[in-house]
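Engineer: how would this look folded up:
(chains A and B)
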Amino acid sequence: MRLGAYFAYAKKTFLGKSAYRFDHLMGILSTVLQFFIFYEIYRALYGTGKSVDGITMSMVTTNFVLSLGLSTIFSPNDYFLPGRIWDGSISTELLRPMSFKGRMIAENVGESFFNLLFKFIPVLLIAIFTTGMEKPAGAQNMVLFVVSSILGYGVLFTISFLVQMTAFWLINIWSLITIKDVLVNVLSGKMIPLWFMPVWMIGVLKFTPFASIYFTPVEIYLGQLSGRETLIKCLVQIVWIVIIFLIGNVLWNKGQKKLVVQGG
Amino acid sequence: MGDTLHLITVYSKTTAKAWFQYRVDAFLRSLAVFLREATGIIVIYFTLLKFDTLSGWNIYEMLFLFSLLFLTYGIMIIFFTGLRDFGKTVRDGSFDRFMLRPRGLLFQILFANADWFAAIGHGGLGITLFILSAGKVGIKWSGANICYYLITVAGGVLIQGAVFLFIATLNIYLLQTDSLKEMLYWDMRKFAGYPISIFNKFIQTLMIYVMPFAFVNYFPAQYFLRKEDMAAYPEVYIYLTPVVGIAMYILAYLFWRYSIRFYKSSGN
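Structural biologist: You can find the predicted model right below:
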């Protein structure tokens, strides 16, 4: 019964998104263009060569289709909490008889379902017919890819959750959110396949959650990992979700005591 | 004239004061813009560590190509922020106030606002990239070359300013132009950081003749670097940037003058 209320929020966000058709088309166009630019760059980089360090052009293509595609689904609303602190509505929201965090998740899930159906699937269909992307390495890989993608979404969502919590102290966190986006874009494999990162950088990446967002699902899809490695990488995703969420939650508890509402 | 200069000084002071009201926030915002814009460059840097060259361009040549794009935008936004945000000015009715004042409309729009974070973020990035690359790509900074550089940067500023003026003018006919601007300017600009020769003919045509970013950075960079891929284009394009800039700006200005007669307020 209580879950019903969260479901209602998810549905409301889903339907709300449907109202902006033109923006929506622009979003798809923008993703396709971004893919096209990377594709042309790598075509020029590969030239007539077949593979670089064992990585073929079709693997690079697959990396970009999947990570840019998933990024259309993975768009947590970074201003969910900051917006409500900024305009003061947080004070009434906290009085409601349902969890604020629960609502945050519900609305993001609603939006993600919308994006899955109306952004990811169209982008994927375009890619399947126009690019030389690879098929999943096997049925098992496909299933594990979906599981790992959901976990990747969890990692990105908790990062957003953690950054948003700083709004209790900083009020205006546009800059922090922008810097977070830069880190995610560069280090997650979305703009440069992590195979091509310098060795020292790959060492650094092991201590960050970014590769868990898009790159782990891509590796699983392409069948680059053994069963054991797949298990470990998925566990790493879960560990990151738990760690980041717990830190965020500490800030959430402290933040509520500290809450300053402007005006009213 | 002296009076106009005085007004420009006053405007610059007030906009700078307004933007830098909160200093820590202003610093962070400029840094965030800087990093956001540097994303593509960081990515190409890592990529070229592995691949050495993109279509014959090494990393320093790529940085030089990027630097022109950011430097011209940084300068442009000091003057043209008012046009970037013109849609909002029309929608919230503050444009009507401008009409009552005893100064040219375009003058007020251009000087009444300047996005200093964007100017510092983009311009700072442009200067950083220039410093990193200019000594390493074999340019001899003779008098003629410096003149070419300055005139070309001015041309690049005008080209982008003309596009902003054109899109702002469309606001007089259409109330919403954000998506159009996104497509015409920002989406096309994503291609502009790279040598246009890597793209297919259709994109190249767009970049040269429709939304001529090629004249903002690609052809000017070719003046200095003379890479092989220039063979595909007429040599004279290297010198056309100021001409394209002035021509586009005059056309955009005439369109503005013609359209402003049809302005109808959006109400109260």
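
Engineer: Can you say which helix or strand has the residue nearest to A:Lys258 when sequence neighbours are not counted in it?
Structural biologist: The shortest distance from A:Lys258 to any residue other than its chain neighbours is 5.5 Å, reached at A:Phe168 (C-beta to C-beta, 6 or more residues apart in numbering or on different chains). In this view, the C-beta of every residue, glycine as well, is placed from N, C-alpha and C. Under the criterion of DSSP states H and E, A:Phe168 resides in helix A:167-170.

Engineer: who does that helix touch, helix- and strand-wise?
Structural biologist: helix A:80-86, helix A:227-258 (3 or more C-beta pairs under 8 Å, 6 or more residues apart in numbering or on different chains; DSSP states H and E).

Engineer: most tightly surrounded among these?
Structural biologist: Highest mean neighbour count of these: helix A:80-86, a mean of 20 (counted as mean count of other C-beta atoms under 10 Å in any protein chain shown).

Engineer: Quick one: mean pLDDT for that one?
Structural biologist: Per-residue pLDDT over helix A:80-86 has a mean of 89.

Engineer: Outside of it itself, list whatever touches it.
Structural biologist: Contacts with helix A:80-86, where a contact means C-beta atoms under 8 Å, 6 or more residues apart in numbering or on different chains, come from A:90, A:93, A:104, A:107-108, A:164-165, A:167-168, A:171-173, A:177, A:259, A:261-262.

Engineer: now it, how far from the centre of its chain.
Structural biologist: Counting by C-alpha atoms, centre = their mean, to the nearest Å, helix A:80-86 is centred 20 Å from the centre of its parent chain.

Engineer: And the next helix or strand past that helix?
Structural biologist: Assignment by DSSP H and E places the next element after helix A:80-86 at helix A:90-93.

Engineer: And that following helix, what does it pack against?
Structural biologist: The contact analysis (3+ C-beta pairs under 8 Å, 6+ apart) places helix A:90-93 against helix A:80-86.

Engineer: hang on, B:Pro242 packs against B:Val153?
Structural biologist: No. Using C-beta atoms under 8 Å, B:Pro242 makes no contact with B:Val153, being 9.8 Å away.

Engineer: higher neighbour count, the two?
Structural biologist: B:Val153 (22 against 18; other C-beta atoms under 10 Å in any protein chain shown).

Engineer: Would the host helix or strand of the more buried one count as contacting chain A?
Structural biologist: Using DSSP H and E, B:Val153 sits in helix B:143-170. No. Residues of helix B:143-170 are not located near chain A by C-beta under 8 Å from any C-beta of the partner chain, the shortest gap being 15.0 Å.

Engineer: For that helix, name the packing helices and strands.
Structural biologist: When contacts are defined as 3+ C-beta pairs under 8 Å, 6+ apart, helix B:143-170 packs onto helix B:59-84, helix B:178-181, helix B:218-225, helix B:241-259.

Engineer: between those, which one is nearest to chain A?
Structural biologist: Nearest of these to chain A, taken as C-beta to the nearest C-beta: helix B:178-181 at 5.2 Å.

Engineer: buried residues in that closest one?
Structural biologist: Neighbour counts using 16 or more other C-beta atoms under 10 Å in any protein chain shown place B:Lys181 of helix B:178-181 among the buried residues.

Engineer: do stretch A:101-117 as well
Structural biologist: Across stretch A:101-117, burial judged by 16+ other C-beta under 10 Å covers A:103-115.

Engineer: Quick check: buried residues in the helix holding B:Val153?
Structural biologist: By 16+ other C-beta under 10 Å, the buried positions in helix B:143-170 come out as B:148-149, B:152-170.
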